[in-house]
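Got a predicted structure here, sequence first:
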Amino acid sequence: MKDLNVKELNVLAAQIRLETLKVIRSRGFGHVGGSVDLAEMMAVLYGAAMRFDPKNPRWPDRDWLVLSKGHAGPAAYATFGLMGYYPLEEAYTLNHPHTRFPSHTDRLLTPGVDLTTGSLGQGASSAMGAALGNKLDGRDSRVYLVVGDGEADEGQVWEAFHFAAAHKLDNVVVFLDMNGYQLDGPTADILDHGDLPGKIAAFGLYTQQVDGHDVAAIYHALEAAHAHKGSPSCIVLKTCKGKGATFAEASHAHSSTPSEAQWAEAIQAAEQALEAARLA
Ligand SMILES: Cc1ncc(C[n+]2csc(CCOP(=O)(O)OP(=O)(O)O)c2C)c(N)n1
């Protein structure tokens, strides 16, 4: 890990949030809520934790990101653009015909995407396979897997956790985005998980819970996860679905089709948040 620089990471998170909004705006509508809430996590991963080479996206010794909640693709596209995988403006073609930037992440299309995702649950299993493969190959690469709390309704997620614990995959860090909402309402109303962090811990993952919008808390949790040996880790991120998107933050909407005026207001607010982070 790079040394912790809170200001730098907050600036990066604000850039990621702004660019995520711009990417989705290029299509006019999309999965805003569950994309913008990952900005701080993405900033810590790509700004301080991960080993990657934008000029060689398939570098065998890279760390992997598996965005199993693949509908958050725009947050990945914004981050990869900012990291130099491609000119950022290219991602302003989200879901346009022949784009390299589909709404859900596709490893055959977009540099930086390690696994194709979108069918919820499947990314969790694929990520554990990649982690086991890296171990068998003698690589010290890590796999960072991002799962939604609604996604955790899928039995496949738990099968993947079971597998990872049984195979002692301590090269895996799961981020569980606990924003409390899924596609059509609060997660607790649709299929209540009860004590989600407790259940993950019971499956054998070294589990921590942090404020998902606090870059220092995420950084320190990652340090602890990296230091932990013998079992996979999970960092439960307590997040606000729609964080920083003026039209989505209060409603926690899954998909948004804002008016032009709402887009303009949201972009302006995100620009101001970036400026404030730079001045802090
Ligand atoms: C197997 C499968 N079933 C249903 C869907 C449709 N779907 C897309 S996103 C979503 C809700 C996901 O909720 P959550 O994981 O909490 O995502 P977040 O709220 O963080 O965006 C659903 C049901 C899907 N993509 N895959």
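Looks like it arrived, so ask away.

nearest residue to the residue of the stretch 101-250 of the chain found nearest the ligand other than its sequence neighbours?
Across the stretch 101-250 of the chain, no residue is closer to the ligand than G148, which sits at 2.0 Å (Cβ to the nearest ligand atom). Using the backbone N, CA and C atoms, a C-beta is placed for each residue, glycine as well. Nearest in space to G148, with sequence neighbours left out and distances taken as Cβ to Cβ, 6 or more residues apart in numbering, is K69 at 4.0 Å.

swap in T257?
Closest to T257 by Cβ to Cβ, 6+ apart is F29, at 3.9 Å.

what's the first-to-last distance across stretch 64-81?
Start and end residues of stretch 64-81 are separated by 16 Å (Cα to Cα, to the nearest Å).

That stretch close to the ligand?
Yes: using Cβ under 6 Å from any ligand atom, stretch 64-81 reaches the ligand at 69, 71.

The spatially closest residue to R100 that is not a sequence neighbour - how many residues pack around it?
Excluding its sequence neighbours, the residue lying closest to R100 (Cβ to Cβ, 6+ apart) is L109, at 4.8 Å. For L109, the neighbour count with other Cβ atoms under 10 Å is 12.

does L109 count as helix, strand or coil?
Per DSSP: H, G, I helix; E, B strand; the rest coil, the local secondary structure of L109 is coil.

what's the spacing between it and K229?
36 Å (Cβ to Cβ, to the nearest Å).

Check K238 too.
For K238, the distance to K229 - Cβ to Cβ - is 26 Å.

Please say which of those two ends up with more neighbours.
When neighbours are counted by other Cβ under 10 Å, K238 and K229 differ, and K238 comes out ahead with 17 against 8.

For the stretch 151-280 of the chain, what lies in contact range of the ligand?
151, 177, 179, 181-183, 241.

go with 5 Å
151, 177, 181-183 (Cβ under 5 Å from any ligand atom).

ok, back up a step: hmm, the residue nearest to T257 is touching S259, no?
No: counting by Cβ atoms under 8 Å, F29 does not reach S259; the two are 10.6 Å apart.

okay, these two: which has more neighbours?
A count of neighbours by other Cβ under 10 Å puts F29 above the other of F29 and S259, at 15 against 10.
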